[in-house]
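Participant: pasted the sequence and its predicted model underneath.
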Amino acid sequence: MQKMNCALAALALGCALACPAPQASTPEELIHLNCAGCHLPVEKPDAGLTRMQQQRKTPEGWQMTLTRMHVLHKSPFTDPDGASPEDVMRTLVKYFADTKGLAPAESARYRYSLEQRHNTIDVPEDPEYAVMCARCHAESRVGLQRRSEAEWRDLVHFHLAQFPTSEYSAGGRDRDWLGTGLDTIVPLLSKTYPYETAEWSDWQKATKPALEGRWRLAGHMPGKGDFDALMTATADGADNFRIDLQGQFADGEDLSGTGSAIVYTGYEWRASIDANGVAYKQVLAATEDGAQLEGRMFQREREEFGVDIEAWKISGKPQLLALAPAHLRQGGTQTLVLAGAGLAGKPDFGKGIRVDEVVSSDAERMVVTVSAEAGAATGPRAVRVGNATLGNALTVYTQIDRIEVTPAYAVGRVGGSEGSQDKVRATFEAIALANGADGEPGTADDMRIGVVAAEWAVAPWDEKAASDNDVKFAGVMDKDSGVFTPAAAGPNPARKYQTNNAGNLKVVASVQDGERTLQGEGHLLVTVQRWNNPPIR
């Protein structure tokens, strides 16, 4: 049991999804040994075992299911050939994700959940579904599953049997939970997320992309800045890769390391990388042609810190893939970083922009200083380096007209104090926008300029927050980076009622644009710890 608990701890951290399992018994043998004691064989409509036969999930979804099987039912995950429980679980997650996973089109809408973008707000379209399911779960918890009608019905029965307090929870005593679940929610989910789909049938037949090779990465880390890297994926068995990452931020700080990756379902890339002594996870999705990867790379212990990533497989042809920063003021001078592959020749930014200096240049990265004429045409424009072109790469603007804070609403959590949960920080960025030709903000012709430097502060969100002195107790905002660090967990004797360090705060970004100072505002709720943190919430 001690060994199994260690396995579950590792699975909870998610590393099992990026670590290859050594060869042991076949998945079918492991399923028969560990699952068939409770789940009975079913021959129709397709061979398998009850419950697992008629549902499909992401790798994280199957990981959660197997973990629950151990926690609730003490499934031992043993192997007569001697593989560890950890390796048995890895083998089973891989098998189920490959044979009963989601097609790329099926997972696309809810990738924010897999990528741990916790400040994403989803609003279900169906009001009954919003109350019955999404009052506790993110919409993605359901949207990243596919089940038959019978399986959705069984899930309702399981949920209310396992969590009977749902029926008398706060705000939940106004409904017939079982009746509404079976009569309204099951038909809705069966229609919206059915087990059998054309997308899954087509994906099973499709040739899966080859992901071995050299990749050019470009991305952005809120609170830190733009990022680019070269990633080499070397095959290490079927669907397994050794990873070498050599990257840097726009300010020159290095982010490099090595690790391993597994591909599930033919396109679900999961990697574990040790970069600069920090453990990172990559959750990426490959395009169906294998030419691109897109997703997020985030710290394993602090999921809120991560890099939004796009990756392009180096094809041998000249490729201009990213430019940072992606904005330039009329009459202004700026140093720009161009990332790509096979770059050769002088960069061309179009009429009205001259290249003052090529600071450095090689086939994968160029650093140049450019200046825009006072009358340079405003708006997004293409940038060219030799035979490589990137459309809408650089936005030229006259002035900043307003600032938006992103995320507009975020949650931070107190933590530490020798407890099991660390503080959950919140990172904000200032987005500059220009009014369009109509001169009015918030209309269709507004132009997004991009992320700009700001000075950050917090203020009370309302009179109650001011009365409770939330600014003093809830935590500290870094004025330069926009990273808010919540205060310590636990009761605070210095507060009214000796309550914890929660707070309701306004986030204020101040941006200097010439002689003008513009401000944007966001909302930050600092609350208590979350104790249950599965990969899909």
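Facilitator: Sure, I can see it.

Participant: could you list the low-pLDDT ranges of the protein?
Facilitator: Applying pLDDT under 70 to the chain flags residues 1-16, 20-24, 44-47.

Participant: can you give me the helices in it?
Facilitator: Along the chain, the segments classed as helices by DSSP state H run 2-13, 27-35, 59-73, 85-99, 104-107, 111-114, 127-132, 139-143, 149-162, 177-180, 186-192, 198-205, 463-467, 470-473.

Participant: export those helices to a markdown table and tack on mean neighbour count and distance to A285?
Facilitator: Using the backbone N, CA and C atoms, a C-beta is placed for each residue, glycine as well. Output for these, formatted as a markdown table (neighbours: other C-beta atoms under 10 Å; distance: least, C-beta to C-beta, whole Å):
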| stretch | mean neighbour count | distance to A285 |
| --- | --- | --- |
| helix 2-13 | 14 | 21 |
| helix 27-35 | 17 | 23 |
| helix 59-73 | 19 | 12 |
| helix 85-99 | 23 | 13 |
| helix 104-107 | 19 | 6 |
| helix 111-114 | 22 | 6 |
| helix 127-132 | 16 | 25 |
| helix 139-143 | 21 | 14 |
| helix 149-162 | 16 | 25 |
| helix 177-180 | 14 | 34 |
| helix 186-192 | 16 | 21 |
| helix 198-205 | 14 | 12 |
| helix 463-467 | 12 | 40 |
| helix 470-473 | 19 | 39 |
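
Participant: got a list of what V93 touches?
Facilitator: Contacts for V93 (C-beta atoms under 8 Å, 6 or more residues apart in numbering) come out as A16, L17, P59, W62, Q63, L66, Y264.

Participant: out of these, the closest to A465 would be?
Facilitator: The closest of the contacts of V93 to A465 turns out to be Q63 (C-beta to C-beta; 38.9 Å).

Participant: check the gap between that closest one and A18 for me.
Facilitator: Per C-beta to C-beta, to the nearest Å, Q63 is found 11 Å from A18.

Participant: go on, V278?
Facilitator: The gap separating V278 from A18 is 15 Å, by C-beta to C-beta.

Participant: one more: H523?
Facilitator: Per C-beta to C-beta, H523 is found 34 Å from A18.

Participant: so which of the two has more stuff around it?
Facilitator: Neighbour totals were compared for H523 and A18, and A18 leads with 25 against 15 (other C-beta atoms under 10 Å).

Participant: please name the residues that touch the more buried one.
Facilitator: So A18 contacts G259, S260, A261, I262, R270, A271, S272, K281, Q282 (C-beta under 8 Å, 6+ apart).

Participant: is the closest residue to it other than its chain neighbours bridged to anything, and to what?
Facilitator: Sequence neighbours aside, S272 is the residue nearest to A18 in space, at 3.5 Å (criterion: C-beta to C-beta, 6 or more residues apart in numbering). On the basis of DSSP bridges, S272 is bridged to S260, K281.

Participant: check I431 too.
Facilitator: Beta bridges link I431 to E404, V451, judged by DSSP bridges.

Participant: what number of residues lie near it?
Facilitator: I431 has 19 nearby residues by other C-beta under 10 Å.

Participant: for G213, same thing?
Facilitator: As a burial measure, G213 scores 15 neighbours (other C-beta under 10 Å).

Participant: separation between it and R56?
Facilitator: G213 is 29 Å from R56, by C-beta to C-beta.

Participant: what of E310?
Facilitator: 27 Å.

Participant: who has more neighbours, those two?
Facilitator: Each of E310 and R56 has its neighbours counted (other C-beta under 10 Å); R56 has more, 28 against 16.

Participant: the more buried one contacts L144, correct?
Facilitator: No. Applying C-beta atoms under 8 Å as the test, R56 and L144 come out as separate, 9.5 Å apart.

Participant: give me the common contacts of these two.
Facilitator: By C-beta under 8 Å, 6+ apart, the residues touching both R56 and L144 are L102.

Participant: just the strands in the stretch 251-400 of the chain please.
Facilitator: Under the criterion DSSP state E, counting those that start in this stretch, the stretch 251-400 of the chain contains strands at 254-264, 268-275, 278-286, 292-299, 306-313, 319-324, 327-329, 333-341, 347-348, 353-361, 365-372, 379-385, 388-397.

Participant: how close does R117 get to A324?
Facilitator: Taken as C-beta to C-beta, the span from R117 to A324 is 21 Å.

Participant: then G475?
Facilitator: For G475, the distance to A324 - C-beta to C-beta - is 30 Å.

Participant: so between the two, which is more surrounded?
Facilitator: Using other C-beta under 10 Å, the more surrounded residue of G475 and A324 is G475, with 25 against 22.

Participant: what's the distance between that one and Y409?
Facilitator: As for G475, its distance to Y409 is 16 Å (criterion: C-beta to C-beta).

Participant: then G375?
Facilitator: Going from G375 to Y409 by C-beta to C-beta gives 40 Å.

Participant: so R425 touches P486, yeah?
Facilitator: Yes. Counting by C-beta under 8 Å, R425 touches P486, with 7.0 Å between them.

Participant: so between those two, which is more surrounded?
Facilitator: P486 (28 against 19).

Participant: ok, the more buried one touching G412?
Facilitator: Yes. Contact criterion C-beta under 8 Å: P486 and G412 qualify, at 4.6 Å.

Participant: what residues do those two have in common as contacts?
Facilitator: Taking C-beta under 8 Å, 6+ apart as the criterion, P486 and G412 both touch K423, V424, R425, A474, G475, V526.

Participant: what's the domain layout of the protein?
Facilitator: 2-102, 108-143+149-193, 213-313, 319-397, 402-527 (automatic domain parsing).

Participant: figure out which of those is closest to D202.
Facilitator: Short answer: domain 213-313, nearest of the domains of the chain by C-beta to C-beta, at 9.8 Å.

Participant: how far does the closest one sit from its chain's centre?
Facilitator: 12 Å (C-alpha atoms, centre = their mean, to the nearest Å).

Participant: kindly report the same for stretch 302-320.
Facilitator: Per C-alpha atoms, centre = their mean, the centroid offset for stretch 302-320 relative to its chain is 14 Å.

Participant: in it, what's buried?
Facilitator: Using 16 or more other C-beta atoms under 10 Å as the test for burial, stretch 302-320 gives 303-314, 318-320.

Participant: what's the answer for stretch 375-390, then?
Facilitator: For stretch 375-390, burial by neighbour count (16+ other C-beta under 10 Å) applies to A376, T378, P380, R381, V383, R384, V385, A388, L390.

Participant: just stretch 390-408 next, same as before
Facilitator: Across stretch 390-408, burial judged by 16+ other C-beta under 10 Å covers 390, 393-397, 400-403, 405-407.

Participant: nearest to G48 among those?
Facilitator: Closest to G48, out of all of these and judged by C-beta to C-beta, is P407, at 41.8 Å.

Participant: list the contacts of the closest residue to that closest one other than its chain neighbours.
Facilitator: In this structure, P407 finds its nearest non-sequential neighbour in N119, 4.3 Å apart by C-beta to C-beta, 6+ apart. Under the criterion of C-beta under 8 Å, 6+ apart, the neighbours of N119 are P407, Y409, A410, V411, A426.

Participant: may I have the phi/psi pair for N119?
Facilitator: Main-chain torsions, N119, degrees, to the nearest 10: phi -100, psi 20.
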